[in-house]
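# Just to be clear, the model below is a prediction. Sequence and coordinates:
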Number of protein chains: 8
Amino acid sequence: DRTGFPEAVYSSGKDYEDLIIIANNYFKSVKPNEKSSLLFTRLSKSRFESLNDDLSDLKEKGFNLDYNPKAKILRINNYPLKDKINPDYGKIGILTAGTSDIPVAEEAKIVIQEGGCEVISSYDVGVAGIHRLLPQISKMVKDKVNCIIACAGMEGALPSVVAGLVDVPVIAVPTSIGYGVSDNGKTALFAMLQSCAPGIAVVNIDNGFGAGVLALTIVKNH
Amino acid sequence: DRTGFPEAVYSSGKDYEDLIIIANNYFKSVKPNEKSSLLFTRLSKSRFESLNDDLSDLKEKGFNLDYNPKAKILRINNYPLKDKINPDYGKIGILTAGTSDIPVAEEAKIVIQEGGCEVISSYDVGVAGIHRLLPQISKMVKDKVNCIIACAGMEGALPSVVAGLVDVPVIAVPTSIGYGVSDNGKTALFAMLQSCAPGIAVVNIDNGFGAGVLALTIVKNH
Amino acid sequence: DRTGFPEAVYSSGKDYEDLIIIANNYFKSVKPNEKSSLLFTRLSKSRFESLNDDLSDLKEKGFNLDYNPKAKILRINNYPLKDKINPDYGKIGILTAGTSDIPVAEEAKIVIQEGGCEVISSYDVGVAGIHRLLPQISKMVKDKVNCIIACAGMEGALPSVVAGLVDVPVIAVPTSIGYGVSDNGKTALFAMLQSCAPGIAVVNIDNGFGAGVLALTIVKNH
Amino acid sequence: DRTGFPEAVYSSGKDYEDLIIIANNYFKSVKPNEKSSLLFTRLSKSRFESLNDDLSDLKEKGFNLDYNPKAKILRINNYPLKDKINPDYGKIGILTAGTSDIPVAEEAKIVIQEGGCEVISSYDVGVAGIHRLLPQISKMVKDKVNCIIACAGMEGALPSVVAGLVDVPVIAVPTSIGYGVSDNGKTALFAMLQSCAPGIAVVNIDNGFGAGVLALTIVKNH
Amino acid sequence: DRTGFPEAVYSSGKDYEDLIIIANNYFKSVKPNEKSSLLFTRLSKSRFESLNDDLSDLKEKGFNLDYNPKAKILRINNYPLKDKINPDYGKIGILTAGTSDIPVAEEAKIVIQEGGCEVISSYDVGVAGIHRLLPQISKMVKDKVNCIIACAGMEGALPSVVAGLVDVPVIAVPTSIGYGVSDNGKTALFAMLQSCAPGIAVVNIDNGFGAGVLALTIVKNH
Amino acid sequence: DRTGFPEAVYSSGKDYEDLIIIANNYFKSVKPNEKSSLLFTRLSKSRFESLNDDLSDLKEKGFNLDYNPKAKILRINNYPLKDKINPDYGKIGILTAGTSDIPVAEEAKIVIQEGGCEVISSYDVGVAGIHRLLPQISKMVKDKVNCIIACAGMEGALPSVVAGLVDVPVIAVPTSIGYGVSDNGKTALFAMLQSCAPGIAVVNIDNGFGAGVLALTIVKNH
Amino acid sequence: DRTGFPEAVYSSGKDYEDLIIIANNYFKSVKPNEKSSLLFTRLSKSRFESLNDDLSDLKEKGFNLDYNPKAKILRINNYPLKDKINPDYGKIGILTAGTSDIPVAEEAKIVIQEGGCEVISSYDVGVAGIHRLLPQISKMVKDKVNCIIACAGMEGALPSVVAGLVDVPVIAVPTSIGYGVSDNGKTALFAMLQSCAPGIAVVNIDNGFGAGVLALTIVKNH
Amino acid sequence: DRTGFPEAVYSSGKDYEDLIIIANNYFKSVKPNEKSSLLFTRLSKSRFESLNDDLSDLKEKGFNLDYNPKAKILRINNYPLKDKINPDYGKIGILTAGTSDIPVAEEAKIVIQEGGCEVISSYDVGVAGIHRLLPQISKMVKDKVNCIIACAGMEGALPSVVAGLVDVPVIAVPTSIGYGVSDNGKTALFAMLQSCAPGIAVVNIDNGFGAGVLALTIVKNH
Ligand SMILES: Nc1ncnc2c1ncn2[C@@H]1O[C@H](COP(=O)(O)O)[C@@H](O)[C@H]1O
Ligand SMILES: Nc1ncnc2c1ncn2[C@@H]1O[C@H](COP(=O)(O)O)[C@@H](O)[C@H]1O
Ligand SMILES: Nc1ncnc2c1ncn2[C@@H]1O[C@H](COP(=O)(O)O)[C@@H](O)[C@H]1O
Ligand SMILES: Nc1ncnc2c1ncn2[C@@H]1O[C@H](COP(=O)(O)O)[C@@H](O)[C@H]1O
Ligand SMILES: [Mg+2]
Ligand SMILES: [Mg+2]
Ligand SMILES: [Mg+2]
Ligand SMILES: [Mg+2]
Ligand SMILES: [Mg+2]
Ligand SMILES: [Mg+2]
Ligand SMILES: [Mg+2]
Ligand SMILES: [Mg+2]
């Protein structure tokens, strides 16, 4: 409902039938030549494949069903994501500590692109390999990102190191990666809230979507 | 060390002797006519009163010791806080759910003013009195705040209602106000991280300082 | 066993064979023309379908097996639910914050109707969309409900806003909807117990049944 | 603000100066012969004694300062509590498991009386002495209470036994009495929420105030 | 290894192959006419059925495989359980609060019988139906049990009521029955440890085996 | 109230005035030459000293006030503790892992002696010094104790080693000794409930009283 | 990347396709006659079997796929593990409390062998059978191990007893074995951190890999 | 008792009288010219000052009472700490993230020196100032430390960065520094156990003593 913010359906836990109804309802009133799109987040590959069959009506009306299997997001649309980008918003950087954090980062990325902002990203640059991390941060500073999203599970230390080096807002996304005392991401979450680098914005565990929306709120207001 | 960000000493848990040393060291190299200031956060009234005596050398050199008892911040400075305000930064709004949340809000306020940004605030406007809250939010929107900090203990619901009504970034500060299942603020914290309004930035419990720094990072980058 | 209160079997975790025995035993001694009914709560659709086959004897004796798939309640009965309604009890209102909270609300609804009281409901009216919520509360007040049940997961803020606006008892039902710090509903539960609006009655997580029984206890005693 | 509900100030954590201001403001506009009263809850005896001195103006205007040291409630008023009782509201029963739970029970009692309802109570009747408890419950049933408040710490079993025997609403108040795994009352709280007797209304730990308000809401609506 | 105590294998989490090896090894050296038996606890029905096939060698040697599906215990033996009973040990009573607690009670029962002691039991007598519970306790007292095992999930209140009425040792077994704040049995466990009836012996959640061994230790030493 | 069990008042948290009333009431009806005694547990030394003054009436009537500062128990009595010992009950052994666990052990000891049973004890014999522990256990076995109470904080491993070596009931008392992850004794408690030696009886943290009562229940029933 | 430390891929949670890519990439640049190996940890048997088919190219190039089903480690290599052993590193001892802890121990063992150090092990020697444990520790001392890894779930007491008897570094590995209050290994973890034997090195729950790497770091630096 | 390991008394929670007895007993049997020393850890300054008076006998016999107020350790001795240093042990490095972590680091330092090993340290080098940290680590590597102890509270990220850069064993000591979600050091503890840099040795919160003993065990065995 808020202009310029991505319209998204949290699919997890919803009945399959309801997803079909939501999709059809959403696009019913789209006028010819009107650009329109809708995201379904947290959608499994198998549910996407069923929707791909059951939403053939939408496809006939010219809609595409673009599924990103890492982000687990389906984008139903009648125009490409890149057409949305508004250069006024600048750029948002996304970092991950490990490869297992990538799905969360990709969720944020698509939400941000759908909101019209360009994304640059660098994955698997955790603090245990500090010499690989530092150049990536420098690069983002040089690329003039307006905001950095740092995703990390395990000990969640990445945002502390990043925030110590940059002046733009840092959004920390704890992920549920880890085992034992990881507590499904609570250790990373608490580490981020408790960072010795002040002024980090924290969102819920695995909440790439929320991080993306927050980043958009920041860049759209500058 | 980052230009334009307030220099602050977290006083709680530090030895009194160390506070004196830090203060004297900090201002030693200040040149004549150079404007300079330093914040001591989480400083009890009685420790302030001792410092007021023991830092008489600084006072003789023209420094003032301004203590805000609600915020529990001492500002040592040779120029007034209002001289810092940079109108380019716009305004930041601060709300609290109850009166007990005011110290946290005031901590944020002074940090933000020290960082050069104007603050407008409205306290004791929790969600159980929704008809008192709504006009306050409208007023902040009309005043064109660039960011809103919402402080709440207990059930921590204030940021959810606020974020549903505004388009600027909302920073949620959980406070340790409450008893029983309040868990010293964890219930409010988790409620804020788990908000049904996406895109809220959350900081640690009672962390008015961090909320202020985050808000500054946002307004300084726009 | 208490007159006028719904008889209910908590099916989850019971062996299928035991469910059949319980059903047959319960109706064995029902006299001709005697009205009788029994609820099976937390019954999966597939188990219902098996019971539908295996309880054919009961069906031959004139009993219906009405299954509500949202509430996951099977009602075995020889007369319709609406025949139970006793207008003396007035009305009970049920609200949910999201669509995912509806199963819990529906469990409460059927229990209340089985207990003889009329229900009016309004779903998906969470506090992040406060302008959609307020008219729904007003409507319930105008409809003179004697009690309101408010179901919410995530940050569980709905009952606080409702209780601030009405004078009838508010029963808060936390749901396990959410992820990360939702802690399977504990965050919503604690938020409700910790509400800044005093006098809210809270029940266990996802306990639509208990909320329904409590609401009945209230309206039957007035 | 809601008519007929007790006006109360949660004193704990408030500055002493603020308490004086609140008291004076509250009674400023009371007209001659207008009956008026205000409760200060969670007020220590020593703070009461100071207020007793510092509010001499109010006393000169005919106000009494009645302090209940068990409930830790100060009632400032110009008419006796018993004048408030409205027989239409019936009676509310209050039980405690131990003697240490009495302060919580007394807090509820005064709130209810201030709200205009009669209270009957029976203390120190825990479930480990079941033969002492049963006659007390029977007596309350015979006395036709409209609602029972059961306060218990430790294992919190009292409300389960009570609710199994009565048909009126049972409000369970967990107290922080106990040690080790009592977790400051969380064990009692969880036991009450998890009761095998369905339909119990639960409030926050030590929340006698909330239990009283809830009980009033119930009896005022019948 | 301790004489007279049941030999038992905790099957859960062990590889199926290892169970076969353990069984065969255990009975390898049994001499003709020597009485011998071994328990496999926490054994699923399907694993029992496989063992029933794969241990045909043992069956040919005269061993029986008696499986109790409620207790989930397999007893491999060459003589009946009742032959073990030693009347010197007296009797041990077992109570459960609900029907869902029965598997835990049955685990204790078989362990005790295998240890040579008679068991009397009464199930589904929780504290919400106190008038059904009291006669059962009286009966056990009259039957001169030497020890009572009380199994309960949910709020875990049963042992408190029992211990208040009897003078023999009471062993409390919390079960994982419940949902929401049941915390998989921790609420019942903490309630039992925190009982207002002093002197209750508590064992781990669902630990019918441990309760049985403890009861045996008590009766064998008197 | 149960014959032969020690009468005890849990003094912690009770008002000083109430302690005096309880003591005077208790001994009011004692007949000349009737032996009588009462324990006040968890009584600080300073409160004992006040009672020693304020209960001079009792002293004049021939009562002694014996205070054990380690156990923090006051025994008011008109005959010595050793007169209570009933040799039929045999002996109960008490072990502690460290010296800091001694207060809990002493609380149990006095309760047991007051209940009429002899105690033998051995303190500071934790598992990190296994060669010091083993002879102490052997000695207790040789002394034919009927039950062993093992008190331990930190990692709570003592009862596991003891129970592996003896056939009598072992009662484990976790203590709140430790720091960091000791969680005020929960780590020791959970270790004891989770012991690899089956059949250990566990009581609440620091609950020497409960352990003593349980031990008495065991030896009185044999 | 650190010389002499085993190269390992944490397979759990990675896509199967990614495992194939990682394996092929890793060995791509291996020169003829160059010895090379790579570990895949936490790899299920079924995934190993698929890899065994899908990595036929590697096998043709002379690589072996050695899978240890207890450790759940696949070692891809062109030379036997025993060729790696460097006698300078001495020996590392590994103990487990139970048989269920063996997979964790085996994970450590293979990592250590891959790092070039000899391992001696003794499994199922928990503290409840202290007379079986003591000779095993003596034997390791006599065998001059440079470091001992002690793996235990349940109450996690093994490292305390071991560290009390040896002078070499003891590494404690808590395992997730247990139920009820085991909290998936947190009880064992906390017991180990809280050990009364000072100087124990603790790693994350089930982290045999980390224990192995730590042991290697110790022996390689001496 | 183990040769070469520091003898230490954990003073916290011990009675003052016991400390005097322990000290006098310990040095009673010291022969003329025999070097002897004893540490009292966690000893407040005021208790030290009393001991300084009350142990005048020891002082007359030639013993010194050296108190380190940061470490809160009293060393009673008849020879200087530096005489203990054994160059064979090499060097141990100690780092802290903040200034508030210094007391824990100093506790470790004195224990290590008392054990005969040289210490080099660098304090207040947390990960939010990565460019200040990196040269300190390089320096320690150049100085050939055999082991590094890294102390950190808050998010506890320091050991992860350190372990990624060095090959010697890293001992992580979580401290209780922080507030809100710091959970008195549990967040730092869990972060360290969950580090993405494998092979870190972790000890209990604030356990500088244990870290020192572990470091000694490592360097004494190489
Ligand atoms: N009230 C506060 N809450 C959280 N962080 C603070 C606070 N005051 C100061 N800080 C931060 O703590 C750092 C100073 O810590 P210290 O060196 O211990 O004084 C500063 O860089 C601030 O960023
Ligand atoms: N969905 C439910 N949630 C909570 N309690 C229930 C539910 N359904 C039935 N019950 C209660 O559980 C009791 C039945 O338990 P049972 O004997 O196990 O069927 C009934 O007395 C009901 O009060
Ligand atoms: N130290 C203690 N720890 C636990 N329970 C105790 C203790 N001392 C007394 N009790 C029990 O607490 C009950 C008395 O509680 P109260 O009526 O509050 O004095 C007695 O019946 C004792 O069983
Ligand atoms: N600061 C400390 N932190 C942890 N353990 C300590 C500390 N100081 C001494 N210890 C250990 O505690 C044991 C002594 O405990 P105690 O017998 O109570 O003095 C010694 O063996 C030390 O290993
Ligand atoms: Mg920064
Ligand atoms: Mg918004
Ligand atoms: Mg209301
Ligand atoms: Mg009832
Ligand atoms: Mg009893
Ligand atoms: Mg034993
Ligand atoms: Mg050792
Ligand atoms: Mg390293």
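Sure, I can see it. Ligands and ions are numbered 1, 2, ... in the order given.
# Surely A:Phe139 touches A:Arg132?
Just so we're on the same page, residue A:139 is Lys rather than Phe. No: in this structure A:Lys139 lies outside contact range of A:Arg132 using Cβ atoms under 8 Å: 11.8 Å. C-beta coordinates here come from the backbone N, C-alpha and C atoms, glycine included.
# hey, where'd the helices end up in chain A?
Residue ranges of the helices in chain A, as given by DSSP state H, are A:16-28, A:45-54, A:56-60, A:102-114, A:130-142, A:158-163, A:186-193, A:208-220.
# what's near enough to touch A:Val181?
A:Val181 is in contact with A:Thr187, G:Lys186, G:Leu189, G:Asn204, G:Ile205, H:Leu189, H:Phe190, H:Leu193, H:Gln194, counting by Cβ atoms under 8 Å, 6 or more residues apart in numbering or on different chains.
# Apply 7 Å and report the result again.
When the contact criterion is Cβ atoms under 7 Å, 6 or more residues apart in numbering or on different chains, the partners of A:Val181 are A:Thr187, G:Asn204, G:Ile205, H:Phe190, H:Leu193, H:Gln194.
# cool, A:Ala211 as well?
Shown here is A:Ala211, whose contacts under the criterion Cβ under 7 Å, 6+ apart are A:Ala108, A:Ile149, A:Ile171, A:Val173, A:Val203.
# pLDDT score assigned to the fourth one?
At A:Val173 the predicted local confidence, pLDDT, stands at 98.
# Report the beta-bridge partners for it.
Per DSSP bridges, residues listed as beta-bridge partners of A:Val173: A:Cys151.
# close enough to count as contact, it and A:Val104?
Yes: assessed by Cβ atoms under 7 Å, A:Val173 is found in contact with A:Val104 at 5.8 Å.
# So between these two, which is more surrounded?
Shown here are A:Val173 and A:Val104; by other Cβ atoms under 10 Å in any protein chain shown, A:Val173 has more neighbours (37 against 29).
# For the more buried one, give me its contacts.
A:Val104, A:Ile149, A:Cys151, A:Val203, A:Asn207, A:Gly208, A:Ala211.
# quick one on the thing from earlier: would you reformat the contacts of A:Val181 as a markdown table and include neighbour count, pLDDT and distance to H:Thr217?
A markdown table is the format used below for the contacts of A:Val181 (neighbours: other Cβ atoms under 10 Å in any protein chain shown; pLDDT from 0 to 100; distance: Cβ to Cβ, whole Å):
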| residue | neighbour count | pLDDT | distance to H:Thr217 |
| --- | --- | --- | --- |
| A:Thr187 | 29 | 98 | 28 |
| G:Asn204 | 26 | 98 | 21 |
| G:Ile205 | 24 | 98 | 23 |
| H:Phe190 | 30 | 98 | 24 |
| H:Leu193 | 28 | 98 | 20 |
| H:Gln194 | 28 | 97 | 24 |
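# ok, A:Cys219 - contacts?
In this structure residue A:219 is Val, not Cys. A:Val219 is in contact with A:Tyr89, A:Gly90, A:Ile92, A:Cys117, A:Asn146, A:Cys147, counting by Cβ under 7 Å, 6+ apart.
# List the beta-bridge partners for the last one.
Which is A:Cys147. Partner residues in beta bridges with A:Cys147, using DSSP bridges, are A:Ile92.
# Surely it touches A:Val166?
No: taking contact to mean Cβ under 7 Å, the distance of 9.6 Å between A:Cys147 and A:Val166 leaves them out of contact.
# Relative to D:Glu60, which of the contacts of A:Val173 is nearest.
Within the set of those, A:Val203 lies nearest D:Glu60; the separation is 56.9 Å, counting by Cβ to Cβ.
# How much space separates the nearest residue to the closest one once chain neighbours are set aside from D:Pro135?
Spatial nearest neighbour of A:Val203, excluding adjacent residues (Cβ to Cβ, 6 or more residues apart in numbering or on different chains): A:Gly210 at 4.3 Å. According to Cβ to Cβ, to the nearest Å, A:Gly210 and D:Pro135 sit 57 Å apart.
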